[in-house]
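Engineer: Give me coordinates for this.
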Amino acid sequence: MKKIEIYTDGSCKCNPGPGGWGAVLVYGGREKEICGGAHDTTNNRMELTAVIEALKCLKEPCDVTLTSDSKYVVDGITKGWAEGWKKRGWRKADKSPALNPELWDELLTLCGVHKVDFVWVKGHAGHPYNERCDQLAQGEAEKYR
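Structural biologist: This next block holds a predicted model:
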């Protein structure tokens, strides 16, 4: 399997409100940047969308190290929250509805195709790829203001 590094970030102005997402894919010394946004969204939706869209760029099953500053995304997968929500019909342990079930479902499907190791990094702390993803996401969010 090809080893790919993916870095992602999401942004939202006036959460909820106009938002953007950005991702950088690194393979074989080359980088590919992708980004997008939405008029009325949330930060968590943009964080999830960045991860999903980056994984959708991969044309074959890959060994991915995915770095994000979103505890929501990283913990949702690594702590098994999303799997649990899905098993309970998209309900949390306290029976309240899980948010963004369609995005979590898509992400779980993609994680079934690829071997994905999620890594959390502190946001706005000088990590070059995290900073670049933040710039991409912020730029997209501005387009939807």
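Engineer: Now residue 68. Nearest residue, chain neighbours left out?
Structural biologist: Nearest residue to residue 68 in three dimensions, chain neighbours excluded: residue 8, at 5.0 Å (Cβ to Cβ, 6 or more residues apart in numbering). Bear in mind the C-beta positions are built from the backbone N, C-alpha and C, glycine included.
Engineer: need the helices for the chain, in chain order.
Structural biologist: 43-56, 71-78, 81-87, 101-113, 128-143 (DSSP state H).
Engineer: list the helices and strands the last one packs on?
Structural biologist: So that's helix 128-143. Judged by 3 or more Cβ pairs under 8 Å, 6 or more residues apart in numbering; DSSP states H and E, helix 128-143 is in contact with strand 2-12, strand 17-27, strand 30-41, helix 43-56.
Engineer: ok, and for it, which residues are buried?
Structural biologist: 129-130, 132-138, 140-141 (16 or more other Cβ atoms under 10 Å).
Engineer: what's the closest of the residues you listed to residue 55?
Structural biologist: Of all the buried residues of helix 128-143, residue 133 has the smallest distance to residue 55: 14.5 Å, by Cβ to Cβ.
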